[in-house]
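Novice: What follows is a protein structure lacking sequence information:
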Ligand code: NAD
């Protein structure tokens, strides 16, 4: 059980982050949500989570492309909840474009959100975890942390890089009861994936149906999208005592994609 633990899941107002927040709430953790979106819809999500699982829930609407906002978020969690035990760096964005047309400002934003936000959150969360001699840091990377696909230069670079960050911090904090791991999902049908289908169709000159069949699920041998509940289960396991010696690893949940 994760009662008495406080979990911050970044980018948890939808998709994978919300799925992981639900799984940790089910184990009794206090949940801090983060993300962007319609305030009324987010408040509804937050209140529903508290009601369904009987846990305390909070929301911090920090824009994590800003380093100062990441810092303020970690400080707010520690001052409001008294501690931060489980940090899930999940907020991320994608942009699909050939390298020669890739907007440099999109590249900077993707690196800021997918990589640098995790660096800042981790560096500020580690001191408290060390003090309590317990911590779990889970970085939501991607199958694209292990293999590439064309037209996703910024995303693939950011996801490969976060594995380096994961391994490095794992070594630094290993003697303090803190583990640091990366989950590498294959394709999950979330807003992030839905949004890239038209752009991928354009970049490759094929239909949207062909994108799903011949691009997204081409290497995912199960021929099924991964479900957010599967990633929630793995996150819960990584937070358990049974996973205390698992650290610095990248765990694919990708229907066989990276086995090719
Ligand atoms: P999503 O678009 O459904 O959710 C993204 C979340 O991040 C939302 O809560 C959004 O509000 C938040 N967010 C976006 N910009 C933000 C910002 N500047 N500051 C704070 N929060 C921000 O996406 P998802 O598919 O659930 O993706 C979550 C993570 O999983 C990402 O890191 C993504 O790269 C990774 N991932 C997704 C897939 C997939 O197939 N969906 C596969 C592998 C990895």
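Specialist: Yes, it's here. Only a predicted model underlies this, so the values are computations on that prediction, with no experimental measurement involved.

Novice: List the buried residues for stretch 95-110?
Specialist: Residues of stretch 95-110 classed as buried: 95-97, 102, 107, 110 (neighbour count, 16 or more other C-beta atoms under 10 Å). To be clear about C-beta, it is placed using only N, CA and C from the backbone, and glycine gets the same treatment.

Novice: Near the ligand, which residues of the stretch 51-200 of the chain? Just list them.
Specialist: 63-65, 90-93, 113-114, 140, 142, 185, 187-188, 190-193 (C-beta under 6 Å from any ligand atom).

Novice: Now do the phi/psi pair for residue 118.
Specialist: Dihedral pair for residue 118: phi -70, psi -40, per degrees, to the nearest 10.

Novice: hmm, back to that, mind checking which of the residues of the stretch 51-200 of the chain next to the ligand are buried?
Specialist: 63-65, 90-93, 113-114, 140, 142, 185, 187-188, 190, 192-193.

Novice: can you pull the contacts of residue 8?
Specialist: 32, 34, 73-74, 77, 84, 86-88, 121, 125 (C-beta atoms under 8 Å, 6 or more residues apart in numbering).

Novice: for residue 183, phi and psi?
Specialist: Phi and psi for residue 183, reported as degrees, to the nearest 10, are phi -100, psi 130.

Novice: Relative to residue 222, how far out is it?
Specialist: 17 Å (C-beta to C-beta, to the nearest Å).

Novice: Can you verify residue 252 is assigned to a strand?
Specialist: Yes - checked against DSSP: H, G, I helix; E, B strand; the rest coil, residue 252 lies within a strand.

Novice: Return the helix or strand in this protein with minimum mean pLDDT.
Specialist: helix 191-204 (a mean of 91; mean pLDDT, DSSP states H and E).

Novice: Which positions in it come out as buried?
Specialist: If you call a residue buried by 16+ other C-beta under 10 Å, then helix 191-204 has these buried ones: 192-193, 196-197, 200-201, 203.

Novice: who has more neighbours, residue 183 and residue 222?
Specialist: residue 183 (24 against 12; other C-beta atoms under 10 Å).

Novice: Just to be sure, which of the buried ones among the residues of the stretch 51-200 of the chain next to the ligand are found in strands?
Specialist: Secondary structure from DSSP state E places 140, 185 of these in strands.

Novice: all helices for the stretch 51-200 of the chain, in order.
Specialist: Using DSSP state H, counting those that start in this stretch, the helices found in the stretch 51-200 of the chain span residues 67-81, 104-111, 117-132, 153-173, 191-204.

Novice: Redo those as CSV? Include distance to residue 2.
Specialist: Output for the helices of the stretch 51-200 of the chain, formatted as CSV (distance: least, C-beta to C-beta, whole Å):
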stretch, distance to residue 2
helix 67-81, 13
helix 104-111, 31
helix 117-132, 14
helix 153-173, 19
helix 191-204, 26
